Each structure stands twice: as structure tokens, then as C-alpha cells.
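Enquirer: prediction below, plus the sequence it came from.
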Amino acid sequence: VIFISTLFLFIGIFYSRKKVSLNTYLVSDRNEGVFSLSATLIASSLGAWILFGPPTAATWGGFGSVIGYALGTAFPMILLIFFGKKIRLLLPKGKSLTELVLKKFGKKLFKLIFSLMIFYLFIFLCAEVTAISKLIYYISGLNIWISESIILFFTLTYVLFGGLKATIRSDRIQFVIIILLLLYLIFSLFLQNNNNLNLNIFQENFIKFDGKSLISSFQFGFVFFIAVAATNLFHQGNWQRVYAAKSEKILVKSLLISFFIIFLIVLFMGVTGTISKLNGLKFNEDLAFFSIILNQNDILISLIVLIFSLSLTISTVDTLLNSISSLAIVHSKDFFNFKYLKDKKLSNVVLILLSIACLIIALYQFSVLYLFLLADLLCCACVYVIFRGLYQKKIYPCRSIVLIMSGLCLGLLFFPSTDFSKSLLVGIIFNKSIFNEIFTNSLLFWSFLFATFSPLVFDIVYRRAK
């Protein structure tokens with residue numbers, strides 16, 4: 001763990017050895033080519049969560065949820081082609097989505113979206129650190145707080161110095177490592193495990209397994225597609241990379257490449273969860289992938305999985321830290337009422353405090369996927385209002401806030417508890433027995449459906465009534 005973390009620390013410091021301008025720190029001088037942009041989009045999108053999230057989704061909701069998760073993770077790359085071109089046109093010298101929100105929607109809604117993005121990035125950071133520490137403990141028994149501290153300290157160090165430029169340069173190397181090791185793991189899965197696992201069982205049970213019906217499976221798929229796609233549109237790291245592209249042509253090409261590679265990788269990871277479940281392997285739901293890969297206790301495979309996972313984690317953690325830092329720098333005056341801090345002192349303080357908070361929260365080892373779903377719900381409530389606003393000439397800030405809050409409140413009323421047996425409305429405020437099974441058996445589905453589409457419905461009703 002120390003060796004891999006130190007390696008990427010030196011890479012980051014190497015690209016930070018010269019004085020880093022604010023433009024370099026935030027948008028990498030707007031000068032990235034196809035390979036760099038594709039590599040950093042893929043590496044920063046595929047954190048250690050792909051080792052836990054998609055396989056867990058498969059055990060929860062079947063193969064339909066796997067397809068939804070894979071499409072949801074990759075589809076924002078397609079959306080960024082359209083929204084990215086639009087925002088580069090509206091704010092050619094911009095550095096974040098929040099700048100456009102401030103310009104078009106005003107300060108009140110800007111503060112809401114800014115807070116939402118910081119919260120989402122922080123939850124993402126906690127989930128990443130939780131995921132990798134859980135894996136390291138599973139493989140080696142290393143104390144959780146030790147692995148968390150090492151990864152956060154080393155990554156935070158080079159991010160504080162180098163910003164986006166250092167992050168992108170390290171992402172290029174991490175991307176190559178991730179792809180090579182993933183190919184090896186795929187090869188080893190079909191080679192070493194063919195006597196222990198019935199891989200044909202996946203084809204025999206393509207859609208339905210574990211008692212899940214076709215409808216139920218694709219309900220989960222819908223949830224994961226909507227949740228993950230909406231959330232990634234509020235990822236500051238993606239918007240930094242949109243602005244870092246040397247040209248619009250390079251941006252489009254890089255996003256298309258990223259879409260296909262991300263989709264295939266996440267789809268494969270989800271399939272491993274399906275295979276684990278169908279073969280009746282006993283495992284913690286977060287560890288479905290590792291129940292297959294590590295079932296023979298091969299030291300070499302364990303080492304490769306560890307390096308692969310650390311590369312995934314560090315490539316995402318540095319992006320998240322730099323994203324939080326960039327938002328703090330760009331909006332130090334707008335949100336914090338400080339003068340524009342060119343020496344990045346405010347952002348450094350924010351990063352250090354959030355890293356300490358992340359370290360503490362990650363010790364509790366919450367469900368990685370459940371953490372994501374909570375942050376996803378908040379983003380889903382905002383996605384219609386914000387991205388429709390890109391194409392509107394006249395904006396009504398108060399109406400926008402009401403629409404977002406209506407979606408958020410309805411979504412939270414149906415958002416399930418950690419055991420998915422009840423929600424605030426179904427089972428707590430009102431007895432579960434008075435609700436139809438359509439609601440009680442699909443709380444997550446209804447939660448995201450209401451959060452995402454109720455702002456649209458209310459907006460249409462309001463316009464017609466007016």
C-alpha cells in the first residue's frame with residue numbers, strides 16, 4: 001500500500017515541480033489531447049467502487065440492474081457531449097458548472113447546488129476510502145484506519161501541490177495499469193476458476209435469478225441508470241475535464257471513447273456478481289467480485305487485485321480532492337464571502353478538514369452502494385431544473401428552488417432504510433400494511449422516480465395552470 005501510494009505521489013510531485021498557475025491547477029491550461037483526456041475521464045470515473053457497486057447491484061436486482069448500472073455510469077459521457085459543448089459556448093473561460101448556475105439562476109440556487117456538489121463529492125470520497133480499506137482488510141487483515149490514512153495522506157499531498165495537471169498526468173499511468181491488470185484478472189477468472197465455477201450458469205439464468213422477476217430486475221436497472229447518470233452530471237471533475245480539452249473535436253472524441261470503455265468494464269464487474277450469486281458462493285454482498293477472483297488464495301492474484309484496486313482508488317480520490325479544491329477556489333467569494341484566494345489557502349484548509357472527516361466516517365464501514373444511492377437521490381432532484389436551464393433564456397430562481405425541493409422531499413419520503421424494508425412514509429409515518437405491494441416491494445424505484453420526474457411534472461402543471 002505504501003509503495004503504490006508513494007509511486008503515485010512521486011508522479012504527482014514530478015508534474016508539480018514547477019510553479020503551478022491557477023489556470024493549470026483548475027483546468028490544466030485547457031490543452032489536453034485525446035489520449036490524456038480519455039485516460040483521465042476513464043480512470044477518474046472508475047474508482048474502487050466498481051469492485052463493489054456493480055457486483056452488489058447484481059446481488060440486489062439481477063442482471064437488469066447490472067445493465068442499468070453500466071449504462072448509468074457510461075451515459076453521462078454522451079450527455080457531456082451536448083451539455084459540455086453548450087457550457088463551453090456559454091462560458092468559454094469557465095471552470096465549473098456552478099459558475100453557470102450562479103450566472104443563470106442567481107445566488108440562492110447557486111448555494112444549493114454548490115452545497116449539493118460538495119456533499120456528493122464528499123460522499124463519493126467516503127465511499128472510495130471505505131471500499132479500498134474494506135478490500136485491503138479482506139486480503140491482508142491490515143487495520144482499516146492505517147490503509148485509509150496512508151492513501152488519503154499521499155494523495156492529498158500531490159493534489160495540494162499540482163492540481164488538475166498532476167491529477168491528469170497520474171491518471172494516464174493509472175489508466176494503463178488498470179487496463180492491463182483488468183485484462184489479466186479477466187483471463188485468470190476464466191482460466192483458474194473453470195474447475196470451481198460453472199460459468200455457463202450465467203447464460204442459463206440470463207435475466208432471472210434469486211427469485212427476481214424480469215420486471216423487478218429491470219426496475220433496479222432503471223434506478224441505477226437514473227441515479228448514476230444524474231449524479232455524474234454534478235461531478236466537478238467531469239466539468240474540469242470538459243474545460244481542459246484542447247478543442248471541441250478532442251472533447252467529443254474522448255467522451256465517445258470513454259463511454260464504450262467504461263460501459264464494458266462496469267458491465268463485466270456486474271456480471272461477476274451475477275456469477276457469484278448463481279454459483280451459491282458465500283460472501284458479504286460488497287465482496288461478490290472477490291469471492292470469485294480470490295477463491296483459491298493465490299498470492300500473485302491477491303497482489304494484482306491489490307495493485308489494481310489501489311490504482312482505481314487513487315485515480316478517483318485525487319480527482320475528488322481536486323474537484324472539491326477547485327470549487328472552493330472558484331467560489332471563495334461567492335459562497336464563503338472571502339476574496340479570491342490565488343494562493344489556494346482556503347481550499348487547502350477545506351480539503352484537509354474534509355479528509356479528516358472522511359477518515360472518521362470511513363471507519364464505520366457503511367455500505368458503499370447505499371452511500372452512493374443517498375447522494376444520487378439528491379442529484380436526481382436537481383437534474384431537470386439545472387440542465388433545462390441551460391437552454392432557457394429566462395429563469396425563475398424561486399420556482400426552480402421549489403421544483404428541486406419538491407422532488408427531493410418526495411424522493412426522501414420513499415427512500416428505503418438500510419435493510420430496504422421500509423421508508424419514512426412507508427413503515428414509519430404510516431403503517432406499511434396500508435400500502436400496495438407495488439410500493440412496498442419497490443421503494444428504491446419509486447424514490448428515484450419521484451425525485452427525478454416530479455419537478456418535470458410540477459413544472460408542466462404550473463405552466464399550464466398559469
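Expert: Ah, there it is.

Enquirer: in three-state terms, label residue 391 for me.
Expert: Put simply, residue 391 is coil when judged by DSSP: H, G, I helix; E, B strand; the rest coil.

Enquirer: share the number of residues neighbouring the nearest residue to it once chain neighbours are set aside, please.
Expert: Spatial nearest neighbour of residue 391, excluding adjacent residues (Cβ to Cβ, 6 or more residues apart in numbering): residue 86 at 7.5 Å. C-betas here are computed from N, CA, C, even on glycine. Residue 86 has 14 neighbours, counted by other Cβ atoms under 10 Å.

Enquirer: in the stretch 351-466 of the chain, which spans are helices?
Expert: 368-389, 397-414, 437-440, 443-465 (DSSP state H, counting those that start in this stretch).

Enquirer: may I have the longest one as PDB, with CA atoms only?
Expert: What it means is helix 443-465. Extracted as PDB, the C-alpha positions of helix 443-465 are listed here (Å, rounded to 0.1, in the frame of the first residue of the first chain):
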ATOM      1  CA  LEU A 443     -39.300   1.600  -2.500                       C
ATOM      2  CA  LEU A 444     -36.000   2.500  -4.200                       C
ATOM      3  CA  PHE A 445     -37.600   2.500  -7.600                       C
ATOM      4  CA  TRP A 446     -40.400   4.900  -6.500                       C
ATOM      5  CA  SER A 447     -38.000   7.100  -4.600                       C
ATOM      6  CA  PHE A 448     -35.900   7.800  -7.600                       C
ATOM      7  CA  LEU A 449     -38.900   8.000  -9.900                       C
ATOM      8  CA  PHE A 450     -40.500  10.800  -7.800                       C
ATOM      9  CA  ALA A 451     -37.200  12.600  -7.200                       C
ATOM     10  CA  THR A 452     -36.300  12.700 -10.900                       C
ATOM     11  CA  PHE A 453     -39.600  13.300 -12.600                       C
ATOM     12  CA  SER A 454     -41.800  15.200 -10.100                       C
ATOM     13  CA  PRO A 455     -40.000  18.500 -10.800                       C
ATOM     14  CA  LEU A 456     -40.800  18.000 -14.500                       C
ATOM     15  CA  VAL A 457     -44.500  17.100 -13.800                       C
ATOM     16  CA  PHE A 458     -44.900  20.000 -11.400                       C
ATOM     17  CA  ASP A 459     -43.300  22.400 -13.900                       C
ATOM     18  CA  ILE A 460     -45.700  21.300 -16.700                       C
ATOM     19  CA  VAL A 461     -48.700  21.600 -14.400                       C
ATOM     20  CA  TYR A 462     -47.600  25.100 -13.300                       C
ATOM     21  CA  ARG A 463     -47.100  26.300 -16.800                       C
ATOM     22  CA  ARG A 464     -50.500  25.100 -18.000                       C
ATOM     23  CA  ALA A 465     -52.300  26.400 -15.000                       C
END
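
Enquirer: quick one: the residue nearest to residue 391 and residue 389 touch, right?
Expert: No - counting by Cβ atoms under 8 Å, residue 86 sits too far from residue 389 to count as a contact (10.9 Å).

Enquirer: picking that back up, quick one, the helix or strand harbouring the residue nearest to residue 391 and helix 368-389 angle?
Expert: Assigned by DSSP states H and E, residue 86 belongs to helix 63-90. When axes from the mean of the first three to the mean of the last three Cα atoms, to 10 degrees is applied, the directions of helix 63-90 and helix 368-389 differ by 40 degrees.

Enquirer: elements contacting helix 63-90?
Expert: Contact partners of helix 63-90 among helices and strands, from 3 or more Cβ pairs under 8 Å, 6 or more residues apart in numbering; DSSP states H and E: helix 53-61, helix 97-105, helix 214-232, helix 236-244, helix 248-278.

Enquirer: which residues of the stretch 1-150 of the chain score low on pLDDT?
Expert: Along the stretch 1-150 of the chain, segments meeting pLDDT under 70 span 16-19, 59-62.

Enquirer: picking up where we left off before, make CSV from the helices and strands packed on helix 63-90 and add mean neighbour count and distance to residue 46 to it.
Expert: Formatted as CSV, the helices and strands packed on helix 63-90 follow (neighbours: other Cβ atoms under 10 Å; distance: least, Cβ to Cβ, whole Å):
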stretch, mean neighbour count, distance to residue 46
helix 53-61, 27, 11
helix 97-105, 21, 21
helix 214-232, 23, 12
helix 236-244, 26, 12
helix 248-278, 21, 6
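
Enquirer: so which of the ones you listed gets nearest residue 404?
Expert: Set against residue 404 and scored by Cβ to Cβ, these come closest in helix 97-105, at 10.3 Å.

Enquirer: which strands and helices sit next to the closest one?
Expert: helix 63-90, helix 107-140, helix 236-244, helix 299-330, helix 368-389.

Enquirer: low-confidence bits of the stretch 251-400 of the chain, can you list those?
Expert: 274, 276-292, 294-297, 336-343, 365-369, 371.

Enquirer: can you count the residues close to residue 462?
Expert: Residue 462 has 13 nearby residues by other Cβ under 10 Å.

Enquirer: before we move on, what about residue 401?
Expert: Residue 401 has 16 neighbours, counted by other Cβ under 10 Å.

Enquirer: mind listing what it touches?
Expert: 108, 109, 112 (Cβ atoms under 8 Å, 6 or more residues apart in numbering).

Enquirer: the last one reaches residue 408, doesn't it?
Expert: In other words, residue 112. No - the criterion here is Cβ under 8 Å, and residue 112 misses it with residue 408 at 9.8 Å.
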